[in-house]
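J.: take a look and give me a structure for this.
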Amino acid sequence: MLSFFDYFQFASVVIFLLIILGKTLYLRFNRNINPIAIGVGKRGLVLAVELIAFAGLGVWMVEILLYALHSHFHLFPTSFNVQLIDSVAAKVIGVALVTVGLFIFLLAYISFGDSWRVGFDVKTPGALVTTGVFAVSRNPIYLFLDLWSFGIFLINGTLVFLIFAALTAAVVHWQILQEEEFLFHLYGQPYQDYRGSTGRYVRW
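T.: Numbering: from 1, shown residues only. As a prediction, this is how the structure comes out:
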């Protein structure tokens, strides 16, 4: 029998995918913009990390759904399913983190307007966004991914989700550093001023 926490995890994946799909279709058909630029102009380590991270996100979401549906099949060996935390308090905190993250995620997509891209779009990059939720965080979508991954770990409490949360934090931070260099070359001094006034994750 599925619990509230199972339905919640399932809903978090669906909401994430619907927001991504809705924004992509809107930009593609209403603005004639292709927002998907994964791997474009990349090579070597940067390309490999970006592609692996994108694939890893898909694998992680599939594993969430398998856990939420109490499937006997999992993508990883049983040794990764060791229970580290199993308490209602941890699950509630996890729900709170995911909820806050999804709210930040939605605000980011509203603030982005036509400038949202997946990957580095050199040809049609869009305007620099510094208002809305971007006035509080330079990277609200990456902040959401950190909150989401750690919240999912607290809800399930297993080793596999702890590993994913740690990897997410590491890859997200690495990707942010790559994007900061790209954005500085793209926007110059306006981005430098923005970087000096707004926190990488949260503006204190």
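J.: which residues of the protein score low on pLDDT?
T.: For the chain, the stretches flagged by pLDDT under 70 are 39-43, 119-125, 204.
J.: any idea where the helices of it begin and end?
T.: Here the chain has its helices, by DSSP state H, at 4-30, 44-68, 88-112, 140-156, 159-187, 189-197.
J.: Throw these into a markdown table and include distance to residue 133 and mean neighbour count, thanks.
T.: C-beta here means a position set from N, CA and C on the backbone, and glycine is covered the same way. Listed next are the helices of the chain as a markdown table, based on distance: least, Cβ to Cβ, whole Å; neighbours: other Cβ atoms under 10 Å:
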| stretch | distance to residue 133 | mean neighbour count |
| --- | --- | --- |
| helix 4-30 | 14 | 15 |
| helix 44-68 | 21 | 15 |
| helix 88-112 | 4 | 17 |
| helix 140-156 | 5 | 24 |
| helix 159-187 | 16 | 16 |
| helix 189-197 | 14 | 13 |
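J.: quick one: which of these is nearest residue 130?
T.: helix 189-197 (5.0 Å; Cβ to Cβ).
J.: from residue 31, how far off is the residue nearest to residue 102 when sequence neighbours are not counted?
T.: Once flanking residues are discounted, residue 102 sits nearest to residue 15: 6.0 Å by Cβ to Cβ, 6 or more residues apart in numbering. Distance of residue 15 to residue 31, given as Cβ to Cβ, to the nearest Å: 23 Å.
J.: surely residue 111 is in contact with residue 130?
T.: No - counting by Cβ atoms under 8 Å, residue 111 does not reach residue 130; the two are 9.1 Å apart.
J.: about what we covered before: redo the helices of the chain as TSV? Include distance to residue 75.
T.: Formatted as TSV, the helices of the chain follow (distance: least, Cβ to Cβ, whole Å):
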stretch	distance to residue 75
helix 4-30	15
helix 44-68	5
helix 88-112	20
helix 140-156	14
helix 159-187	9
helix 189-197	38
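J.: tell me which of those helices lies nearest to residue 80.
T.: Across those, residue 80 has its closest neighbour in helix 159-187 (4.1 Å, Cβ to Cβ).
J.: from the chain's centroid, how far away is that closest one?
T.: Averaging C-alpha positions (Cα atoms, centre = their mean, to the nearest Å) puts helix 159-187 10 Å from its chain's average.
J.: report all helices and strands that that helix contacts.
T.: helix 44-68, helix 140-156, helix 189-197 (3 or more Cβ pairs under 8 Å, 6 or more residues apart in numbering; DSSP states H and E).
J.: which among those is found nearest to residue 90?
T.: Nearest to residue 90, of all those, is helix 140-156, at 4.6 Å by Cβ to Cβ.
J.: that closest one to helix 44-68, inter-axis angle?
T.: Computed with axes from the mean of the first three to the mean of the last three Cα atoms, to 10 degrees, the direction of helix 140-156 lies at 40 degrees from that of helix 44-68.
J.: so what's the most centrally placed residue in the chain up against?
T.: In the chain, the residue lying closest to the centroid (Cα atoms, centre = their mean) is residue 145, at 3.3 Å. Taking Cβ atoms under 8 Å, 6 or more residues apart in numbering, we find residue 145 in contact with 101, 168, 172.
J.: how close does it sit to residue 15?
T.: From residue 145 to residue 15 the distance is 14 Å (Cβ to Cβ).
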